[in-house]
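J.: Sharing a model prediction with you, sequence too.
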Amino acid sequence: MQGQKIPATIITGFLGAGKTTLIRNMLSSANGRRIALIVNEFGDLGVDGDVLKGCGAENCTEDDIIELTNGCICCTVADDFIPTMEKLLDRAERPDHIVIETSGLALPQPLVAAFNWPNIKTQVTVDGVITVVDSAAVAAGRFAHDHERLDEQRQADDALDHDSPLEELFEDQLMAADLIILNKADLLDDAGIEAVRVDVAGRTSRQPSMVISRQGHVSAKLLLGLGIGSENDIANRKSHHEMEHEAGEDHDHDEFESFVVEAGAIKNQVDFTVTLGGIISDHDILRLKGFANVPGKPMRLVIQAVGSRIDCYFDRPWGPDEQRDTRLVVIGLHDIDQAGIAAAIRQAAEQG
């Protein structure tokens, strides 16, 4: 019976770690295997799903890509994920493999647990949970605190919670992993990658395999052939959330905010990108992504930013009935200055 189940792969990872790029590369080397994608994003604008729809892979058509933009998938399992899976399984032509890309803010454990629901467990098994890590960000200490100062605070107040939400989330995603992809290794030397590997290994009590990746290139045979059955190992994947829930605390995403900025056409792509980097730095924006309209260019510009690193590329022509808008999703910590950021981005578009 286990062999008759459809394998599902959960791909998680922090904001901008490279999950979508990993999936694009995976689709191009899946050897004709028909793959259904469920893409979840934190926010109302589905950027990642739209990027994947433009990848042109024959084994994954637009009908095979399902976007869930109603909130973080770990908090909407019953309302969104389970009905989506049931509709997918009711199709006359079922997929050979299901790939689920979580939002960068998702807790993987509740999603893995959902595969134990009666209607799902008899038909699908979790082939494995893959956590993608931005190695360059970890090397830069994006999730690290001053340990000496923390020790001083701990001694002064034993009841103080020293872990930031970002650190907890990062560690939760590592704790759920069957395979950890140390991505963006091209931005570090060998010593830097080794330091990241040691850092990551120290953040989980489990011992998942680790693979070094450059620009999201990992064999589809490896990604889609773990054969773990992760849903049967829930007890060993408890995250901060599960432990807090057992203590009677509730989980939400109040620590983060997501909003969409609509702007006019970008007059100068290079100048706009430079100014955008300053806006990200000034407001400590965690993640920014979306599409932009560059006059004179028949294709839309994809903008992907993680911290101060900004990547831009033209992915496909604008559709004949598609409105050429500039729309960017901004994700940051609670109380981020939404009005100030939106005004700065619009001004940059006009001046850029």
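T.: Cool, the structure landed. Given the structure is predicted, the values throughout are model-derived calculations rather than measurements. Numbers count the residues shown, from 1 in each chain.

J.: which non-adjacent residue is nearest residue 89?
T.: residue 123 (5.4 Å; CB to CB, 6 or more residues apart in numbering). C-betas here are computed from N, CA, C, even on glycine.

J.: Residue 37 now?
T.: residue 65 (4.7 Å).

J.: same thing with residue 68?
T.: Closest to residue 68 by CB to CB, 6+ apart is residue 40, at 4.5 Å.

J.: Look up how far residue 190 lies from the one you found.
T.: According to CB to CB, to the nearest Å, residue 40 and residue 190 sit 35 Å apart.

J.: neighbour-wise, which of these two wins?
T.: Using other CB atoms under 10 Å, the more surrounded residue of residue 40 and residue 190 is residue 40, with 29 against 9.

J.: Please report phi then psi for residue 303.
T.: Torsion angles at residue 303 (phi, psi; degrees, to the nearest 10) stand at phi -120, psi 120.

J.: What's the local residue count around it?
T.: Residue 303: 24 neighbours (other CB under 10 Å).

J.: show me what contacts residue 336?
T.: Contacts for residue 336 (CB atoms under 8 Å, 6 or more residues apart in numbering) come out as 257, 283, 284, 285, 330.

J.: Can you check the pLDDT for the last one?
T.: Read it as residue 330. Looking at residue 330, its pLDDT reads 86.

J.: With the one 3 residues further on instead?
T.: Residue 333 is assigned a predicted lDDT (pLDDT) of 69.

J.: Do you have the helices of the stretch 151-300 of the chain handy? List them.
T.: 165-175, 190-201, 220-223, 240-246, 269-283 (DSSP state H, counting those that start in this stretch).

J.: Worst mean pLDDT among the ones you listed?
T.: helix 240-246 (a mean of 60).

J.: max-length strand in the chain?
T.: strand 124-134 (DSSP state E).

J.: Pairing partners for that strand, with directions?
T.: Partners of strand 124-134 in the sheet, by DSSP bridges, are strand 6-13 (parallel), strand 179-183 (parallel).

J.: Nearest to residue 87, out of those?
T.: Across these, residue 87 has its closest neighbour in strand 6-13 (13.8 Å, CB to CB).

J.: now that closest one against helix 165-175, angle please.
T.: 150 degrees (axes from the mean of the first three to the mean of the last three CA atoms, to 10 degrees).

J.: does the spatially most central residue of the chain belong to a helix or a strand, and which?
T.: By CA atoms, centre = their mean, the mean C-alpha position of the chain lies nearest to residue 104, the distance being 3.5 Å. If you go by DSSP states H and E, residue 104 is not part of any helix or strand.

J.: List the residues that contact it.
T.: Counting by CB under 8 Å, 6+ apart, residue 104 has contacts 13, 14, 15, 16, 17, 19, 42, 287, 331.

J.: Of the residues you listed, which is the nearest to residue 97?
T.: Nearest member of these to residue 97, counting by CB to CB, is residue 19, at 16.3 Å.

J.: show me the contacts for that closest one.
T.: Contacts of residue 19 by CB under 8 Å, 6+ apart are 11, 12, 13, 48, 101, 102, 104, 132.

J.: burial measure for residue 168, as a count.
T.: If we define neighbours as other CB under 10 Å, then residue 168 has 18 of them.

J.: Just give the closest residue to it, not the sequence neighbours.
T.: Residue 168 sits nearest to residue 240 (CB to CB, 6+ apart), 4.3 Å away.

J.: Confirm for me that that neighbour is in contact with residue 170.
T.: No: using CB atoms under 8 Å, residue 240 is not in contact with residue 170, being 10.3 Å away.

J.: Go ahead and confirm residue 293 touches residue 300.
T.: Yes: Residue 293 lies in contact with residue 300 (CB under 8 Å); the separation is 7.0 Å.

J.: shared neighbours, those two?
T.: Joint contacts of residue 293 and residue 300 (CB under 8 Å, 6+ apart) are 318, 324.

J.: re the thing from before, tell me how far the residue nearest to residue 168 lies from residue 13.
T.: From residue 240 to residue 13 the distance is 17 Å (CB to CB).

J.: and these two? which has more neighbours close in?
T.: In terms of neighbours (other CB under 10 Å), residue 13 is the more surrounded of residue 240 and residue 13; the figures are 27 against 19.
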